[in-house]
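A.B. asks: here's my sequence, what's the structure:
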Amino acid sequence: MIDHIGNLIPHQPPMRLVNEIISTKPDNAWVQTQVGDDFLFLRADATVAPEAFCEIIAQSFAVCESKRREEAGLSTEGGGYLVSVRNFEVFALAHQGDVLKTRVEQQDDFLGTRIVKGEVFRQNEKLAQATVYIFMWEGKIPPTSL
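C.D. replies: Prediction:
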């Protein structure tokens, strides 16, 4: 478990939806999310709102990208934001108490926008998948123009 995950992305509870980096490999990474009773996207019926899957995928990529940069001795200063979602499919809902595992893989990088395929699982059941577009920058503030 990465105990300093809060230093790798700017998200703070309750917006931080990822809890642990499971593995980072050159071609993909796995991240764990625990759906507790204080989970931001938890609905009254104890299910997770489907749109949470897109944010989980984006945060999973961001935290692993930051970890890779840290391990390479590069600056982790910077940020990013989710700009678009494509091919979003939900197969089943997550529930309070679930432990989710998210697999992310960067497909491309276009002018600082990372194109990332993500899949969210509960044990061996795929709950959702999407391709997310994340604009990323280095440094303290985002650029004002490209």
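A.B. asks: can you show me the helices along the protein?
C.D. replies: Under the criterion DSSP state H, the chain contains helices at 52-71.
A.B. asks: which residues in this protein form strands?
C.D. replies: With DSSP state E as the criterion, the chain has strands at 20-24, 29-34, 78-90, 99-110, 113-122, 125-138.
A.B. asks: what's the closest of these to residue 13?
C.D. replies: Across those, residue 13 has its closest neighbour in strand 29-34 (11.9 Å, C-beta to C-beta). Bear in mind the C-beta positions are built from the backbone N, C-alpha and C, glycine included.
A.B. asks: how about the closest one, which residues are buried there?
C.D. replies: Buried positions in strand 29-34, judged by neighbour count with 16 or more other C-beta atoms under 10 Å: 29, 30, 31, 33.
A.B. asks: partners of that strand, with directions?
C.D. replies: strand 20-24 (antiparallel), strand 99-110 (antiparallel) (DSSP bridges).
A.B. asks: dump the buried residues of strand 29-34 to CSV, plus pLDDT and distance to residue 68.
C.D. replies: Formatted as CSV, the buried residues of strand 29-34 follow (pLDDT from 0 to 100; distance: C-beta to C-beta, whole Å):
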residue, pLDDT, distance to residue 68
29, 96, 8
30, 97, 13
31, 97, 13
33, 97, 19
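A.B. asks: would you list those residues in TSV and tack on distance to residue 114?
C.D. replies: Shown next, in TSV, are the buried residues of strand 29-34 (distance: C-beta to C-beta, whole Å):
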residue	distance to residue 114
29	12
30	17
31	15
33	20
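A.B. asks: mean pLDDT and mean neighbour count added to the strands paired with strand 29-34, as JSON lines?
C.D. replies: Output for the strands paired with strand 29-34, formatted as JSON lines (pLDDT from 0 to 100; neighbours: other C-beta atoms under 10 Å):
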{"stretch": "strand 20-24", "mean pLDDT": "94", "mean neighbour count": "15"}
{"stretch": "strand 99-110", "mean pLDDT": "96", "mean neighbour count": "17"}
